[in-house]
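1. Sequence and predicted model, in that order:
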Amino acid sequence: MASLKTSQLDSVALQQISQLDPVALQQTSKYIKDGLTVVSNNTDIIPRDTNGNIVVQSGSYMVIEPNSFNFDSKPMLDILDTRFNYFSFPVQITSNPIDVDVNFDFDNISAKYIIPVPTDSQGQPQNLQKIDLSYSGTSWYYGDRPSSGLKELQFTGGIQENVNSYTITEDVLNTLTQQNKTLKFTIQIQWTPSINARTGFRTEIFRRNPKNYNPLPSPFIIYKEAKSSPSGQVNSSTNPLGFNNTDYPILRLTYIVDINNTFKGDVYSIRNESGNPSWILAQNCAWDIDVVDIPNPVDNLYENVYSINQDTVILDNVGAVQVRRTAATGNEIIVE
C-alpha cells in the first residue's frame, strides 16, 4: 500500500515537470546553477575592472536581471525552526553578598517640631511665651486688645506648607496608604501660671482642610489638672487645688492619625488656652511626627489618643470626662 502511494506521488511530479516550458527551463537553469547574477557577472556583457566594479562607459547599456527565487512556505517551515525558545544564561555565583536596603525612606514625611525661642538684647533666650485665656475681657495675650480662646502654638520644623501646622500632602497620603502606615504625634507642652491662683490648661489637637471639610469626627480637649477626684466633671470641687505660679505642669501624649479618615490637604495644629494668665516654656515643648504601623484599636484610649501622662484628663465635646489619669486614681489610666 505504501509503495503504491509513493509511485502515485512520483507520477504526479513527473506530470508537473513535463508540463514546464523547456525554453523556460533552459533559461532558468543557469540561474539555479550559478546564482541570480550570472549574466551581470559575465564581463563580455558588462565590463568590470580588476576589482570587480562595473565599468560604466558612454553609450553603453547595463543589464539588470529581474530574477528572484520563490519558495513555498511549507517546505521552508519544515527547514526553519520558528518555535520560540527562552534565553538561558549561565548561573553566576558570587562570594560577596549584596546588601539590599529594603527600608522605605520616610524622611520626607517624619518631622520634629519645636517652638522658636527669641532672644533679648543680650542674646539670652526668652523661654516664657504667653498663651491666651479661656475667658474674655482681658488684653493679656495681645497686650493692646482683648482676646480669648484657643490659639495655635507656634510649632515649626521640616517643610511646612502651613504655619504652625503639619499638612498631609498628596505624596504623604499616597506613601502612607501604599506602605500600610500612619502617623504618630508625640506631643510635649510645659506651662507655668503667672499668678498664685488655681489654674488649668486646655489643649486641643485641631484638624482642618481648606478644600475638603474634614474636622475631627469628635473634637476633644486634653485638660491638665492636679489632685482631682474622678467624679466625671472638672471644676473647683473636683479639682480644688489646680496649679499655681510655683508649678510647672507638663503634658505628654501620643496621638495616632486614623489613616482611614484622612484626606489630602488635612492640616493639623496644636491649640492652647489657660484659666489664668500663663506662659508656656517654649524650650520644653516639642511635637514629633513619625511614621508607624497602624496600631491595634484596642489600645485607643479615646479618639485616637493612645497615651497620656499623670495629671491629665480627656474631655469630650460637651466637657464630660472620658479618660482620667491623676493622683486620685493612683496615676492609673481610668477610661470612664
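-> Thanks, I have the structure now.

2. now Ile168: how far from Lys211?
-> The gap separating Ile168 from Lys211 is 12 Å, by C-beta to C-beta, to the nearest Å. Where you see a C-beta, it was placed from the backbone N, CA and C, and this is true even at glycine.

3. brain fart, Lys181
-> In terms of C-beta to C-beta, Lys181 sits 23 Å off from Lys211.

4. ok, Glu336 - how many residues close by?
-> By the criterion of other C-beta atoms under 10 Å, Glu336 has 13 neighbours.

5. oh, I was asking about Ser139
-> Applying other C-beta under 10 Å, we find 10 residues neighbouring Ser139.

6. contacting residues for it?
-> Contacts of Ser139 were listed using C-beta atoms under 8 Å, 6 or more residues apart in numbering, and they are 145-147.

7. Looking at Lys181 and Lys211, which is more packed in?
-> Using other C-beta under 10 Å, the more surrounded residue of Lys181 and Lys211 is Lys181, with 18 against 9.

8. Which residue is the nearest non-sequential neighbour of that one?
-> Counting by C-beta to C-beta, 6 or more residues apart in numbering, the nearest residue to Lys181 once its immediate chain neighbours are dropped is Val291, at 5.1 Å.

9. Any idea what the one you found is bridged to?
-> In this entry, Val291 is beta-bridged to Leu183, by DSSP bridges.

10. quick one: it from Phe243, how far?
-> Val291 sits 35 Å away from Phe243, taking C-beta to C-beta as the criterion.

11. of these two, who's got more company?
-> Between Val291 and Phe243, Phe243 has the larger neighbour count (other C-beta under 10 Å), namely 26 against 17.

12. so the more buried one sits right up against Ala197, yeah?
-> No. Between Phe243 and Ala197 there is no contact, the gap being 9.3 Å when judged by C-beta atoms under 8 Å.

13. Could I get the pLDDT score of the nearest residue to Gln126 once chain neighbours are set aside?
-> Distance criterion C-beta to C-beta, 6+ apart; nearest residue to Gln126, sequence neighbours excluded, is Pro118 at 4.9 Å. Note on Pro118: pLDDT of 92.

14. now Ile46
-> 75.

15. picking up where we left off before, which neighbours do Ile168 and Lys211 share?
-> Joint contacts of Ile168 and Lys211 (C-beta under 8 Å, 6+ apart) are Gly265.
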